[in-house]
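Visitor: please work out how this folds:
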Amino acid sequence: MAASGPKSSGPRGFGRPTTAGSAQKRTQKKNGEKDSNATSTVTNKVIGVSKFPGTKADVQKQGSVVFDEKNVSDSLDIKGGSGLLDKKTTEDDDLLEQKLKNERENLRRKEIEALAKENLARGNRMFVYPVVVKPDEDIEVFLNRNLSTLKNEPDVLIMGAFNDWRWKSFTRRLEKTWTHGDWWSCLLHIPKEAYKVDFVFFNGQSVYDNNDSKDFCVEIKGGMDKVDFENFLLEEKLREQEMIANEEAERERQKEENRRIEARKAAIEADRSQAKAETQKRRELLQPAIKKAVIAAENVWYIEPSDFKAEDKVKLYYNKSSGPLANSKELWLHGGFNNWVEGLSIVEKLVDAELKADPKSRDWWFAEVVVPSGALVIDWVFADGPPKGAFLYDNNSRQDFHALVPRRTSEEMYWLEEENLMFRKLQEERRLKEEAMRAKMEKTARLKAKTKERTLKKFLLSQKDVVYTEPLEIQAGNPVTVFYNPTNTVLNGKPEIWFRGSFNRWTHRLGPLPPQKMEAADDGSSHVKTTAKVPLDAYMMDFVFSDKEDGGTFDNKNGLDYHLPVVGGISKEPPLHIVHIAVEMAPIAKVGGLGDVVTSLSRAVQELNHNLDIIFPKYDCLKHNFVKDLQFNRSYHWGGTEIKVWHGKVEGLSVYFLDPQNGLFQRGCVYGCKDDAGRFGFFCHAALEFLLQGGFHPDILHCHDWSSAPISWLFKDHYTHYGLIKTRVVFTIHNLEFGANEIGKAMTFADKATTVSPTYAKEVAGNSVISPHLYKFHGIINGIDPEIWDPYNDNFLPVPYTPENVVEGKKAAKEELQTKLGLQNGDLPVVGIITRLTHQKGIHLIKHAIWRTLERNGQVVLLGSAPDPRIQNDFVNLANQLHSSHGDRARLVLTYDEPLSHLIYAGADFILVPSIFEPCGLTQLIAMRYGAVPVVRKTGGLYDTVFDVDHDKERAQAQVLEPNGFSFDGADAPGVDYALNRAISAWYDGRDWFNSLCKTVMEQDWSWNRPALEYLELYHSARK
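Guide: Modelled structure (predicted):
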């Protein structure tokens, strides 16, 4: 066979990504460096070698006598250890052993000679011995130089690696052998992890024999296969990740310890400075008292003995007739020391000195007093009774009495000690405060983690009527059984069900799993099941179901596919880059619920390790105090004007503020201008231009309501083919009552569309702007931000509380609410109403509910205002009427008051939300977070989140929830009465049951934990 390949060609394996490093990256090593894979003799000649991480490699030169008798014996000793002779063996045994070795070597030579002849006859220029290669053994690789591109080269080397060039690279020098023909060879050790060895030959420089660009390879028998090796690499990577994680954790611990030490030093300095300042202040205040202090006042008071010191017991005499207490039946001394530094610390009753036959007694009385420790001055007044029982005082004409302590400590020593005492006191206060704060933070973190864990479990269990797994939490590296109930899907009644799955959102390196026919579950239910092994590098399990092995009808969850998270793997889901383009954002420019959603949804998705940016108009009415690190970013021109871009952080989110110099957003408002449609249309186009010019390539553009709806069609018309190819558009409808035309156009162009609750999605499905697009339209319930609405960390509440102490916390909040609003303090049911006063919110039902609550001897607190002056005036008149007739049980606060809203949620027993329509509603969700029971009308998101305690047990159970409130159907007085009467009766009739209901609603998670997961599924679906 002719020699193959041009002399300049390199090995095909070069340039491949490998675990150990690219085979192209060869470096030079010093002579004589030993290699763990080498068994041949090393010479002094310097040869270029490869260097793979984790593997030593060098070039070894075999001597010309490598196969003489001595070297063969040594080689066999190395291979089998058979050359280690027992010292007790006889000389004959040694000779016999040597003879056997020679025979084995002769046999080996004959086998190699035969292989050489056979391969030469066939034109094969390479073979290995032994022919069957096994792991963890040595082999000899042979090359016929004359048949190779290296036939004229004096140096012949082998360079390779194992397992498709992915494991343990090597470079060896070949030596001319004793066999007939131009055969060269070297020894090579096969590692136990190998299933294949890949290699090329070269001259140590640029001339290669790479088997006609296919590289040489030899299969290895009896060891790992490719899948085993992949798993081995994953396990190695997992161990490496664990080690790196531990090292990183240790570094973070050290950093935290250093931060703590530095903070401690700063705290000590601050406390010392404060102690010094406060001591100096007290010293200055005490100086006037020292100046006024005397030893005695003639005919008024004196002390015996006159020469006393701190901690002595003395008698303080007082002339009763000298002042206003001459006619008092009792005399009391109310005292302190050092200008009352510790307040009232001495209380003694005086006795008539005449009873002691004192020669000085005429109208003199005295009291025995122990001089306080550290006293420089004693301070006191006389009174006709004990503290809180006295009416008449002698306070030395409002100057108090002051007596110097004769044998007192020097002032410098005293104030030095006081400063030290103050410092220790401040240190202890700081310690207790820090411990309390740390304990609270730790508890908050535990509650948050527990809530997330519980929510994920409920999220998985909520699909149990269709699909679930055992174990429920899928573990990487372990088998999992998937259960499927076709009766609730499009596959109902099909004779066969086939499972089709993969991992990592259908992108796993091993590709999809083979279709598996599912078998009946063992529990006798309508579920079928199958089992799959989860690879170590899985972070998501993906699957669909069909009725045939090769296709047929599919259940793919309405185009979303089924996806379940995998835990414990070595791979993490790659982050998405999501950009929200919106005109409202809490708390910097909030008008309605849209602003809350933009901020809270973004935070929740960011917490799941995805990348979030928000593009927002730079209104002149922004609340800049909520923007951190606001800095000028860049400027660009578009639409005939310069647009300045600012960047800052809002609630931990990255926000780009667009500030067009044409004044469109210098109007002092968000909405309310005649050209609002033009303003926001300009903003949408400017936002897309900013992304294009700034080189952004987001995965998802998320736009909201009519105000940023133009994003969807402007993007598709002008930007899809100009650098934003991979981007997909998701559009959310918050309220269909506004901007129907823009919403309809956005529905046409968006890749996916959502609205803020499943029921509202059904309610608007028949709308002409929605109905043509139902295939891509989904309802996802909104959530609330649990860090903003958190009764355990709410500074507006008198007592922080969790579900464990909800009764105590709500009782304290109710008492403060009643006191603050001037209501009767008492144990009465309180109905709270927090709303905008519009017809949508059911204002006629609100009025009726107020009177009905009062009839049931409850209290009502309403907080809200009306954009319509007529409605506002109507409620002002109602407030005045209630103030006159039920002033102790009703209060209407017709304005916006954030602190009061928190207090109402905490202090109210019930929160009433009787909306005529409500796309989602946040009021009922916040109420439950604070342990207030919602009373709602069945519409939109109110129906999706409130489950009636009497009628919705099964519906709640399907969502893995418990009933949590009271609801009604109609939009009339009997409807609201039905729910409100049951609620108030439950409060009166079963307080223990009601308290447990408050605890239940508090424990339910209405945050963005679950909606964020659903939005992520939607984002991924949009990218398919």
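Visitor: quick one, helices of the stretch 651-800 of the chain?
Guide: Using DSSP state H, counting those that start in this stretch, the helices of the stretch 651-800 of the chain run over 676-693, 705-708, 710-714, 740-749, 758-763.
Visitor: mind putting the ones you listed into a markdown table with mean neighbour count and mean pLDDT?
Guide: Quick note: C-beta positions are derived from backbone N, CA and C, even for glycine. Shown next, in a markdown table, are the helices of the stretch 651-800 of the chain (neighbours: other Cβ atoms under 10 Å; pLDDT from 0 to 100):
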| stretch | mean neighbour count | mean pLDDT |
| --- | --- | --- |
| helix 676-693 | 20 | 96 |
| helix 705-708 | 26 | 97 |
| helix 710-714 | 23 | 97 |
| helix 740-749 | 19 | 96 |
| helix 758-763 | 20 | 96 |
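Visitor: and residue 140, which of the ones you listed is closest to it?
Guide: Taking Cβ to Cβ, helix 676-693 is the member of the helices of the stretch 651-800 of the chain nearest to residue 140, at 62.1 Å.
Visitor: that closest one vs helix 740-749, what angle?
Guide: 30 degrees (axes from the mean of the first three to the mean of the last three Cα atoms, to 10 degrees).
Visitor: and helix 676-693, how far out from the chain's middle?
Guide: Distance of helix 676-693 from the chain centroid (Cα atoms, centre = their mean, to the nearest Å) equals 32 Å.
Visitor: who touches it?
Guide: The contact list for helix 676-693 (Cβ atoms under 8 Å, 6 or more residues apart in numbering) reads 579, 581, 583, 615, 617, 636, 638-639, 643, 645, 656, 658, 660, 664-665, 673, 696, 698, 703, 707-711, 714-715, 718-719, 722-724, 742.
Visitor: got it, and stretch 443-457?
Guide: Here stretch 443-457 has contacts from 472-473, 565, 786, 790, 792-793, 802, 1005, 1007, 1009-1010, 1013, using Cβ under 8 Å, 6+ apart.
Visitor: tell me the one of the residues you listed nearest residue 149?
Guide: The shortest approach to residue 149 among the contacts of stretch 443-457 belongs to residue 565, at 53.4 Å (Cβ to Cβ).
Visitor: ok, that closest one - contacts?
Guide: Counting by Cβ under 8 Å, 6+ apart, residue 565 makes contact with 456, 474, 539-541.
Visitor: again, only this time at 7 Å
Guide: Residues counted as contacts of residue 565 (Cβ atoms under 7 Å, 6 or more residues apart in numbering) are residue 540.
Visitor: so which strand or helix has it?
Guide: Here residue 565, judged by DSSP states H and E, is contained in strand 562-567.
Visitor: tell me the secondary structure at residue 594.
Guide: Using DSSP: H, G, I helix; E, B strand; the rest coil as the criterion, the local structure at residue 594 reads helix.
Visitor: what's the local residue count around it?
Guide: 23 (other Cβ atoms under 10 Å).
Visitor: how near is it to residue 1014?
Guide: 18 Å (Cβ to Cβ, to the nearest Å).
Visitor: what of residue 281?
Guide: Distance from residue 281 to residue 1014, by Cβ to Cβ: 59 Å.
Visitor: same thing with residue 211?
Guide: From residue 211 to residue 1014 the distance is 54 Å (Cβ to Cβ).
Visitor: do the same with residue 528
Guide: From residue 528 to residue 1014 the distance is 26 Å (Cβ to Cβ).
Visitor: give me the more crowded residue out of those two.
Guide: The neighbour count for residue 528 versus residue 1014, taken as other Cβ under 10 Å, is higher for residue 528 (21 against 17).
Visitor: quick check, the more buried one in contact with residue 521.
Guide: Yes - using Cβ atoms under 7 Å, residue 528 is in contact with residue 521, at 6.3 Å.
Visitor: name the element residue 160 belongs to?
Guide: strand 157-162.
Visitor: report the buried residues of the strand holding residue 565.
Guide: Neighbour-count burial for strand 562-567, counted by 16 or more other Cβ atoms under 10 Å, picks out 562-566.
Visitor: among these, which one sits closest to residue 276?
Guide: residue 565 (56.8 Å).
Visitor: what packs against the next helix or strand after the strand holding residue 565?
Guide: With elements assigned by DSSP H and E, the helix or strand that comes after strand 562-567 is strand 577-581. Contacts defined by 3 or more Cβ pairs under 7 Å, 6 or more residues apart in numbering; DSSP states H and E place strand 577-581 against helix 593-607, strand 611-617, helix 676-693, strand 700-704.
Visitor: that'll do, ta.
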